[in-house]
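S.K.: Sequence and predicted structure below; questions after.
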Amino acid sequence: LARLRGRLARSGSPLGARLLAVLSRDHLTEDDWDELEETLLLADVGAGPTGELIDALRTEVRVRGIQDPAAARALLREQLVALVDPSLDRSLATQPVVGDDGEPRPAVVLVVGVNGTGKTTTVGKLARVLVAEGRTVVLGAADTFRAAAADQLETWGSRVGVPTVRSDRDGADPAAVAFDAVRTGRSTGADVVLVDTAGRLQNKAGLMDELGKITRVITREAPLSEVLLVLDATTGQNGMNQARVFAEVAGVTGVVLTKLDGTAKGGIVVAVQRELGLPVKLVGLGEGADDLAPFDVDDFVDGLLG
Ligand code: GDP
């Protein structure tokens, strides 16, 4: 997390620094407030949350005044923490569960999202985190649409030292592969099965059919513990529109925001949570195996403020 803070600070993170620079001015004019608003909008915070933050800041400045830069910083920090919402449950459900028959079932984590957002990479990194915690993991390559996806996942699997269940056939039924992976996880007594899926967004009905079928067959073997939506932080509002469709059809329980190392627009965290009504649970900070971190509100805000 110290690393997360460092990375966000290094990525430029002008949001916090610019807000602070304006807020520390002696007498805040309407132009200053406009500048604060623009800074937030440019950082992808989104119109609604930006309006709220400006209103809250104006009220606090009126009531308390700002005596010095330290007070401005404290005020801004407090308001940003509230905006990112420390009350959301960001825990990952990866504990095995007990079935109706009293037998253990692996926790199943389904990973969904548009192609290229970082699903396969996230599955690999998450497997590594879990293995480091001493958990046994099985990977399921249910992205049977993209030819190289199963190979890519298998490479992650061997790197991390966990088995990958896949089909040798391109275009195989993703639900069948997901089912096999969960069955393998169950029969080998694995703690967690991570299922990678295809991000084909041909249309909402098609996506709903495909993910619905995957979910149905998985839950014959074990309940779904998490459905993680992977979102590329660098794609801004366009990514949000696609994400909304997934959130509507897939029963998503949390968001993984990837490529946060590639953007200074940390405000996307706020927009994602508000617009999708879902907590950001994990963040991707690079392409490497260790570049996945749990999302921590305080560290994130400290990173923004530099
Ligand atoms: P998928 O199609 O959703 O499975 O996406 P991939 O996992 O294949 O990732 C697409 C590209 O994004 C790859 O080049 C990854 O290395 C890269 N990537 C994934 N996560 C991150 C991240 O957190 N930071 C950066 N910089 N690159 C990432």
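M.R.: Received it, and whenever you're ready, just let me know what you need. This one's a predicted model, so the numbers in the text were calculated from it and none came from an experiment.
S.K.: Could you use CA atoms for every contact and neighbour count after this?
M.R.: Fine.
S.K.: Near the ligand, which residues of the stretch 101-250 of the chain are found?
M.R.: Listed as neighbours of the ligand in the stretch 101-250 of the chain under the rule Cα under 6 Å from any ligand atom: 115-121.
S.K.: Backbone dihedrals for the residue nearest the centre of the chain, please?
M.R.: Of all residues in the chain, the one closest to the mean position by Cα atoms, centre = their mean is Val256, 1.5 Å from it. Phi and psi for Val256, reported as degrees, to the nearest 10, are phi -110, psi 120.
S.K.: For it, which residues are in contact?
M.R.: 228-231, 280-284 (Cα atoms under 8 Å, 6 or more residues apart in numbering).
S.K.: try Ile268
M.R.: Shown in contact with Ile268 (Cα under 8 Å, 6+ apart): 43-46, 233, 236.
S.K.: Next, format the residues you listed as TSV and append neighbour count and pLDDT.
M.R.: Output for the contacts of Ile268, formatted as TSV (neighbours: other Cα atoms under 10 Å; pLDDT from 0 to 100):
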residue	neighbour count	pLDDT
Ala43	21	84
Asp44	23	85
Val45	26	86
Gly46	21	87
Ala233	28	91
Gly236	20	80
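S.K.: Those into JSON lines, with extra columns for secondary structure?
M.R.: Formatted as JSON lines, these follow (DSSP: H, G, I helix; E, B strand; the rest coil):
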{"residue": "Ala43", "secondary structure": "coil"}
{"residue": "Asp44", "secondary structure": "coil"}
{"residue": "Val45", "secondary structure": "coil"}
{"residue": "Gly46", "secondary structure": "coil"}
{"residue": "Ala233", "secondary structure": "helix"}
{"residue": "Gly236", "secondary structure": "helix"}
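S.K.: between those residues, which is nearest the ligand?
M.R.: Closest to the ligand out of these is Ala233 (8.7 Å), distances taken as Cα to the nearest ligand atom.
S.K.: and that closest one, what does it touch?
M.R.: Ala233 is in contact with 239, 257-260, 262-263, 265, 268, counting by Cα under 8 Å, 6+ apart.
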